[in-house]
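K.L.:
Curious how this folds, go ahead:
(chains A and B)
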Amino acid sequence: MSLTALTLAIAALVATDPPPPSATISVVALRASTEGRATTYYDPGIEVIHEILDDLQFDTYRKFMAVTVSAPFGEVTETRLGGGFTLYVEPISKDAPDCVRMVVSLDMAPKKPGDPPVNVVKTTIQARTDKPFRMGGIKLGKDDMLIVMTLKS
Amino acid sequence: MYGCRWTKNVERWFDGELRDGSAVERHVAQCPQCRGHLASLDVMRKASVAGVRADSIADAQFPAFLAGIREGVEAPRRGHRRIWAALSLTAAALLVALSFFVIFHEGHAPVDATVVESYSTGLDSATITSYSSDDGVTTVWVTVSKEDVW
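P.N.:
Just a heads-up that it's a prediction; the model follows:
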């Protein structure tokens, strides 16, 4: 085998794989509040993520919405969370087998009809598989809304 | 080593150092120790002469001898050249592969948690902070100055 052929073969082996068609992300939106409980309350189904919430000061977590989003690379995927909030996810690149670079944006509906939506937060992250990413401090009446996103694949 | 006092004289006679060896010769004829010593000296001398004798090359053998040398000098080395060429090619290919690996994978080291590259908000009175816990949970927290912005 000539050196050129061998080099091309090795280059083909080590070349970056094309990104997969989409990234799968688990999204859980919670309504968090402080009600003076002795023991923290979790709605059924969300107690499994209590370790992700342990460091927060709230004592009540209610499920607002839970969905698994399949977001194609290079496209903005819209997910309506309810309460006038819309989540946008745009996977940009797969930087490593367990790491996806993506833009996450949360908009809320305008107070006045006809006004444009208000961007609450927009962030670019390098999401790692099974490593939770939280967005918090989002006011939902007297309560807070928490969004927990986890890249699954 | 030998009990006879003539031993030294016997050795000198054996080496031809005595002008007149007749007395030693008579003594050796009568002394069994000196006869034995003389015999051992003779054996050692013959052995040493045989050991230092160099192989001589006869005139008839000389052309063949030179031809053998010339053949060793002029004949090309065989056997290892291809092996060394293959090893060199493999080493070069590995270097090229390593270069490609570094070029294509530079800066793509895996992270231990989700990393926040940048963030912004469209809320006028809000600030954003970002932090990661030891458990690998990454947080972006929006803080608003008014209690109920919306």
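K.L.:
what's across from A:M65 in the sheet?
P.N.:
On the basis of DSSP bridges, A:M65 is bridged to A:A29.
K.L.:
likewise the one 4 residues further on?
P.N.:
According to DSSP bridges, the partner residues bridging A:V69 are A:I25.
K.L.:
The residue lying closest to A:D130 once chain neighbours are set aside - how many residues pack around it?
P.N.:
The shortest distance from A:D130 to any non-neighbouring residue, by C-beta to C-beta, 6 or more residues apart in numbering or on different chains, is to A:T150 (6.3 Å). C-beta coordinates here come from the backbone N, C-alpha and C atoms, glycine included. Counted by other C-beta atoms under 10 Å in any protein chain shown, the residues lying close to A:T150 total 22.
K.L.:
And for A:I46?
P.N.:
Other residues close to A:I46 by other C-beta under 10 Å number 18.
K.L.:
By proximity to chain A, which residue of chain B wins?
P.N.:
B:G122 (3.4 Å; C-beta to the nearest C-beta).
K.L.:
so when I look at that residue, I'm seeing a strand, right?
P.N.:
No: read with DSSP: H, G, I helix; E, B strand; the rest coil, B:G122 is coil and lies in no strand.
K.L.:
still on that earlier bit, could you report the distance from the residue nearest to A:D130 to A:K122?
P.N.:
Shown here: A:T150 relative to A:K122, a distance of 19 Å by C-beta to C-beta, to the nearest Å.
K.L.:
try B:G136
P.N.:
23 Å.
K.L.:
just to revisit the earlier point, for the residue nearest to A:D130, name its beta-bridge partners.
P.N.:
With DSSP bridges as the rule, A:T150 is bridged to A:S26.
K.L.:
which element follows the lowest-mean-pLDDT helix or strand in chain B toward the C-terminus?
P.N.:
Taking mean pLDDT, DSSP states H and E as the measure, chain B has helix B:62-74 as its least confident helix or strand, at a mean of 70. The first helix or strand that comes after helix B:62-74 along the chain, using DSSP states H and E, is helix B:80-105.
K.L.:
Remind me what that next one packs against, helices and strands.
P.N.:
helix A:3-14 (3 or more C-beta pairs under 8 Å, 6 or more residues apart in numbering or on different chains; DSSP states H and E).
K.L.:
ok, the residue of chain B closest to chain A - contacts?
P.N.:
A:118-120, A:122 (C-beta atoms under 8 Å, 6 or more residues apart in numbering or on different chains).
K.L.:
Buried among these? Make that a PyMOL selection.
P.N.:
Applying 16 or more other C-beta atoms under 10 Å in any protein chain shown to those, the buried members can be selected in PyMOL as follows:
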select buried, chain A and resi 118+120+122
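K.L.:
Give the phi and psi angles for B:C4, as a check.
P.N.:
Main-chain dihedrals, B:C4, degrees, to the nearest 10: phi -80, psi 140.
K.L.:
SS state for the residue nearest to it when sequence neighbours are not counted?
P.N.:
Beyond its immediate neighbours in the sequence, the residue positioned closest to B:C4 (C-beta to C-beta, 6+ apart) is B:Q33, lying 4.7 Å away. Assigned with three-state DSSP, B:Q33 falls in the helix class.
K.L.:
Might one say that B:Q33 is in contact with B:H27?
P.N.:
No: here B:Q33 does not reach B:H27: they are 10.3 Å apart, not a contact under C-beta atoms under 8 Å.
K.L.:
Pull up the per-residue confidence for the closest residue to chain B within chain A.
P.N.:
Ranked by C-beta to the nearest C-beta, the top residue of chain A for proximity to chain B is A:N119, at 3.4 Å. With respect to pLDDT, A:N119 scores 92.
K.L.:
B:G51 too?
P.N.:
Looking at B:G51, its pLDDT is 64.
K.L.:
for B:T114, same thing?
P.N.:
B:T114 is given a pLDDT of 89.
K.L.:
Tell me how far it lies from A:Y88.
P.N.:
Look at B:T114 and A:Y88: by C-beta to C-beta, they are 17 Å apart.
K.L.:
what about these two, which has more around it?
P.N.:
Set side by side, B:T114 and A:Y88 show more neighbours around B:T114, with 26 against 16, by other C-beta under 10 Å.
K.L.:
A:A66: what's its closest spatial neighbour, skipping adjacent residues?
P.N.:
Nearest to A:A66 is A:V28, by C-beta to C-beta, 6+ apart, at 4.8 Å.
K.L.:
again with B:L18
P.N.:
B:R12 (5.3 Å).
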